[in-house]
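Undergrad: Here's a sequence, model it:
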Amino acid sequence: MTPMTSAAPVTSKRAGKGRPSGNKGGRPANPTPKWDVDRKVWVVRITRIVNGPQEPYDLPGIRENQPEKASAIAKMLSIKLRNGEAVPMGEGETFSIWAERWMDERAARGLSSVADDRGRMRKHVIPIIGVHPMATITRDQIECLVEDLDRKIDLDDAEDEAIGWKTAFNIWGLVTKAFDDAVNSKKRDLRARADNPCTGIKGSYFYGSAGVGLSAPCRTLCDLSSWVS
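TA: Here you go, the predicted structure:
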């Protein structure tokens, strides 16, 4: 008897033409969230990889009568996940996704600093805390961000990541404003926390011959007093 052999796998004609395999392949998803009546939370099922299984993600903090907000966040979450910016299953909106909504709201109010703020956020803040769920970011994670800003201040000016103390001060101000709005924003759909993890944390410091160990505001006062004298 002739031994049976397995058939060669069938390959799609569209395969192998430069389309990447993995998280970024396929048509961008547009998932539809559904309200879970029992748990009182919006849930969206997202396929993170081509031909992969759908996985459920909760979208906490969104009321039943806010389907448009749930759809917008579900779409952003899908894009982030498919780009490899994973979040723990079921923990919903990341800081990165929330920050995009926050920036959009500031742009809609006509704030002139939004373009620069987006750049600062994406370059210096998102890489550190962007993948963490907004609702559960801890004080320790915020302190890691401050330490990273301090590290960049200490770098030689010729290094790509180097920043000045004023830039670090502006970034820290942006972060503290973001978390304050996450608690107290006039727009209720931006309120994602009951507490502010930045409270009590000292921001980035300026290290230099005239201001060793002084925070940026103190350094500014030092400069002003020396200029007046």
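
Undergrad: any idea how far residue 129 is from the closest residue to residue 138 other than its chain neighbours?
TA: Of all residues not flanking residue 138 in the chain, residue 197 sits nearest, at 5.9 Å (C-beta to C-beta, 6 or more residues apart in numbering). For glycine as for every other residue, the C-beta is placed from the backbone atoms N, C-alpha and C. Per C-beta to C-beta, to the nearest Å, residue 197 is found 10 Å from residue 129.

Undergrad: so what's in contact with the two at the same time?
TA: 137, 141, 142 (C-beta atoms under 8 Å, 6 or more residues apart in numbering).

Undergrad: give the contact list for the second one.
TA: Contacts for residue 141 were tallied using C-beta under 8 Å, 6+ apart; they are 128, 129, 132, 197.

Undergrad: Those: which two are farthest apart?
TA: Comparing every pair within the contacts of residue 141 by C-beta to C-beta identifies 128 and 197 as the most remote, at 13.1 Å.

Undergrad: before we move on, the earlier item: can you flag the buried ones in the contacts of residue 141?
TA: Among the contacts of residue 141, those scoring as buried are 128, 129, 132, 197 (criterion: 16 or more other C-beta atoms under 10 Å).

Undergrad: Please produce TSV containing the residues you listed, extended by pLDDT.
TA: Converted to TSV, the buried ones among the contacts of residue 141 look like this (pLDDT from 0 to 100):
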residue	pLDDT
128	89
129	90
132	85
197	96
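
Undergrad: Helices of the protein, start to end?
TA: 67-82, 95-108, 114-120, 126-129, 139-154, 165-184, 216-228 (DSSP state H).

Undergrad: list the buried ones in the longest one?
TA: Within helix 165-184, the residues that qualify as buried by neighbour count (16+ other C-beta under 10 Å) are 165, 167-172, 174-176, 178-179, 181-183.

Undergrad: before we move on, the earlier item: let me have the helices of the chain in TSV, adding distance to residue 38 as columns.
TA: Shown next, in TSV, are the helices of the chain (distance: least, C-beta to C-beta, whole Å):
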stretch	distance to residue 38
helix 67-82	17
helix 95-108	25
helix 114-120	39
helix 126-129	32
helix 139-154	32
helix 165-184	27
helix 216-228	49
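
Undergrad: list the contacts for the most centrally placed residue in the chain?
TA: Centroid-nearest residue in the chain, with C-alpha atoms, centre = their mean: residue 96, separated by 1.6 Å. By C-beta under 8 Å, 6+ apart, the contact list for residue 96 reads 80, 85, 126, 130, 131.

Undergrad: do the same with residue 142
TA: 129, 175, 179, 197, 198, 201.

Undergrad: what's the closest of those to residue 116?
TA: Once C-beta to C-beta is applied, the member of the contacts of residue 142 that ends up nearest residue 116 is residue 175, at 14.3 Å.

Undergrad: show me the contacts for the closest one.
TA: Counted by C-beta under 8 Å, 6+ apart, residue 175 has contacts 125, 142, 145, 198.

Undergrad: change it to 7 Å
TA: If you count contacts by C-beta atoms under 7 Å, 6 or more residues apart in numbering, residue 175 has them with 125, 145, 198.

Undergrad: Need the phi and psi values for residue 109.
TA: Main-chain torsions, residue 109, degrees, to the nearest 10: phi -90, psi 0.

Undergrad: when you give positions from now on, start the count at 32
TA: Understood, numbering begins at 32; the last thing we discussed is residue 140.

Undergrad: circling back: lowest average confidence across the helices of the chain, which one?
TA: Of all the helices of the chain, mean pLDDT reaches its minimum on helix 247-259 (a mean of 38).
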